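Student: I would like to see how this sequence folds:
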Amino acid sequence: MKLESIPLDKIQPHPDNPRLFLREDVVEALARQIEEQGFADYHALLVRPLNGFYQVAAGHHRLEAAKRAGLEKVPCWVKEMTDEEAFMELVLSNQQSELTPLERGKHAWEAVQKYNRNGITTSEYAKRVGVAHNTISVLIAAYEVYRECVTRVTHLDFLQATHLRVISGAERQDWPWLCEMAVTNELSTRVLEEAVAEAKKITVPPELSEWLDQTELRKQAAADLQRKTGDRWAGVIAKALECWKQLPEKAETWKIDEKTDSAVKETLLLRRIFIQKLKEKEISTQSGCEKVKLEIINDLEARARAYAAWQARKVSEAEAERQRLEEERRRLERAALLEPKVYYKSCLDMSEVSDESIDLIFADPPYGISDGGVTVKSGKLVSVDKGEWDRPENVPDPESWLKECYRVLKPGGSIYISGTMHNIFDVAAALRRTGFTIQNDIIWHKKNAPPLMARQDMYAPSHETIIFATKGARPNFFDYEGLKEANSGRQMTDVWEIPARSGSETIKGPDGMPVNPAQKPEALLERIISASSRPGDIVLDPFAGTGTTLAVAKRMGRPSIGYEIDQRMRSVIEARLDSVEAGAV
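Tutor: A predicted model of the protein is given here:
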């Protein structure tokens, strides 16, 4: 190294001078001193030869002062140095000229950036300049803040390195506004530390970024330290994220279009809707987040209920239409069925009849009184036997045929069963066991009943019992007003005074005897059919006999079905039905 006098126009400042800016007061003082005392050799600059010029390693203030003093040459210590040596000399030679902490941070940062490949790390740099590693790290952090914000924050130079070091603890995107806040409000380091700590409490996850502006929230928290809004917003954000995660990403729902009465399938993005509602409602509390989530869930449930109701209504309408069409089909079928169908077989098997298809049943089962007894007729003893079918041993158990009646009868349908003391009690018990509900036991009083001449130790029978029962608690149809009108405006009672069949009504065989002694008068069937069926309703007689029920039903516009086990009745029934004109349905 040698001392030389070098022209000023040959001397160039080092481009990496750590000084952030030359101190004007120092330059002016040096310039006055040079004008008065000259440029002494002990103030010589330290330079290195570089590309035909000399680059300053130490003495940038003195170089500027010499220029202002009008000197043409200045004494310089000329030393051969590498780029790295010259760079390090910038800080080593400036120890006595008191570089600011920020300038030291600038030099350290640039050293690590430029010469890291040559082994200059933060630790190595600290060793070379004789400063603790932690101190260098703090200074570098402060300079990084300065470097990031110097062009974005007005009057950044007002802040000390300690301020910038505190700000470096925040996230990089928050440095500019923290610097601005510190400058504008002249914050102390302690207050700035609190502000940074409060701001760092707030982190808005990407899922919530459409709702909350993280920077604005952090600004609010940093500016309002007394209210500790950082803690409050941290809680709100945590709750919002929890609610967001609890909602499914999307849900398939149905929206009811009332104008077209149709359901439109929609895919709802529930989490997006949640964020939109938080933003629209300007939610700022944990309870508000919960309410928005609940609102979304309630809306989904309301949509589900509305769709279920719409579906149920559509199903109901479809069912109503199906029933209407079915009823129309049945009506047409009933019209075709107005001609009675008779099955000459036992009623214990009525498989030809569908379940719950019959509106009204009249049954006149065998009484089981043909046991060899006699009565007096025209002064002569005659047998009371009605036929083999009426012998006690041939009479079927009532429950066996009542089960079939119960199967084919519609819910609410009515059944009338006639009998005497010989069988009516068994019938009543069987009705209950089968599931029927007994409504009345009707007394059919026969004013013209024949006298009991064969015995004088009992009352002469002049009535039969007719049990009126239903499938269910109440009948679907009961013509109360019609019965009242037929009874001279008075309520019809359970005692009916209807004459037994007349001789002209009795169907007789070639021998002049009744073909079926149990034949009922048509007036009795007319009352039963009109009371418990409408025109078009289907009537069933499981013990058709001579076909009285079928004939009356046809005449009254009711389709009918009959079962008769006595094959001898076939011709009788067919002839009788052929003579009856069908009534209106």
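Student: and the residue in the chain sticking out farthest from the centre, what pLDDT?
Tutor: In the chain, the residue that sits farthest from the middle, by C-alpha atoms, centre = their mean, is Q37; the gap is 94.0 Å. Per-residue confidence at Q37 stands at 90 (pLDDT).
Student: Beyond the lengthiest helix in the chain, next helix or strand please.
Tutor: Using DSSP state H, we find that the single longest helix of the chain is helix 286-337. Of the helices and strands lying after helix 286-337 in sequence (DSSP states H and E), the nearest is strand 341-343.
Student: Off-centre distance for the very next helix or strand once past that next one?
Tutor: Read in the C-terminal direction, the helix or strand following strand 341-343 is strand 358-363, with elements assigned using DSSP H and E. On the basis of C-alpha atoms, centre = their mean, to the nearest Å, strand 358-363 sits 49 Å off its chain's mean C-alpha point.
Student: Any chance you could give me strand 358-363 in PDB, C-alpha atoms only?
Tutor: Taking Å, rounded to 0.1, in the frame of the first residue of the first chain, the C-alpha atoms of strand 358-363 are listed here in PDB:
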ATOM      1  CA  ILE A 358    -118.000 -56.500  -2.200                       C
ATOM      2  CA  ASP A 359    -120.100 -53.700  -0.800                       C
ATOM      3  CA  LEU A 360    -122.900 -55.600   0.800                       C
ATOM      4  CA  ILE A 361    -123.500 -59.200   1.800                       C
ATOM      5  CA  PHE A 362    -126.900 -60.900   2.700                       C
ATOM      6  CA  ALA A 363    -126.600 -64.400   4.000                       C
END
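Student: what's in contact with it?
Tutor: By C-beta atoms under 8 Å, 6 or more residues apart in numbering, the residues outside strand 358-363 that reach it are 401, 405, 408-410, 413-418, 476-477, 525, 528-529, 532-534, 537-543, 549, 558, 561. (C-beta placed from N, C-alpha, C; glycine too.)
Student: Where strands are concerned, which of the residues you listed count?
Tutor: With strands identified by DSSP state E, the entries of the contacts of strand 358-363 that belong to them are L409, K410, G413, S414, I415, Y416, I417, S418, V539, L540, D541, I561.
Student: L20: what's it in contact with?
Tutor: In this structure, L20 makes contact with T100, L102, E103, K106, Y146, D157, judged by C-beta under 8 Å, 6+ apart.
Student: what's near enough to touch the third one?
Tutor: With contacts defined as C-beta under 8 Å, 6+ apart, the neighbours of E103 are P18, R19, L20.
Student: Now tabulate those in TSV and tack on pLDDT and secondary structure.
Tutor: Conversion of those to TSV gives the following (pLDDT from 0 to 100; DSSP: H, G, I helix; E, B strand; the rest coil):
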residue	pLDDT	secondary structure
P18	83	coil
R19	81	coil
L20	77	coil
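Student: Hmm, S400 and D426 touching each other?
Tutor: No - contact between D426 and S400 fails when scored by C-beta atoms under 8 Å: they sit 11.6 Å apart.
Student: The two: who's more crowded?
Tutor: In this view D426 and S400 are compared by other C-beta atoms under 10 Å, and D426 has more residues nearby, 16 against 13.
Student: Not counting sequence-adjacent ones, nearest residue to that one?
Tutor: On the basis of C-beta to C-beta, 6 or more residues apart in numbering, the spatially nearest residue to D426 that is not a chain neighbour turns out to be P398, at 5.5 Å.
Student: got the end-to-end distance for stretch 479-494?
Tutor: In stretch 479-494, first residue to last residue: 14 Å (C-alpha to C-alpha, to the nearest Å).
Student: Give me the next element, helix or strand, following the helix or strand hosting L483.
Tutor: Secondary structure here is read from DSSP H and E; on that basis L483 sits in helix 480-486. Past helix 480-486, heading to the C-terminal end, the next element that is a helix or strand (DSSP H and E) is strand 495-497.
Student: Output the below-cut-off pLDDT ranges for this structure.
Tutor: Counting by pLDDT under 70, the chain contains low-confidence ranges at 94-98, 330-337, 368-394, 453-454, 585.
Student: who's in contact with S262?
Tutor: Contacts for S262 were tallied using C-beta under 8 Å, 6+ apart; they are I256.
Student: ok, what's across the strand from it?
Tutor: Going by DSSP bridges, S262 is paired in beta bridges with D257.
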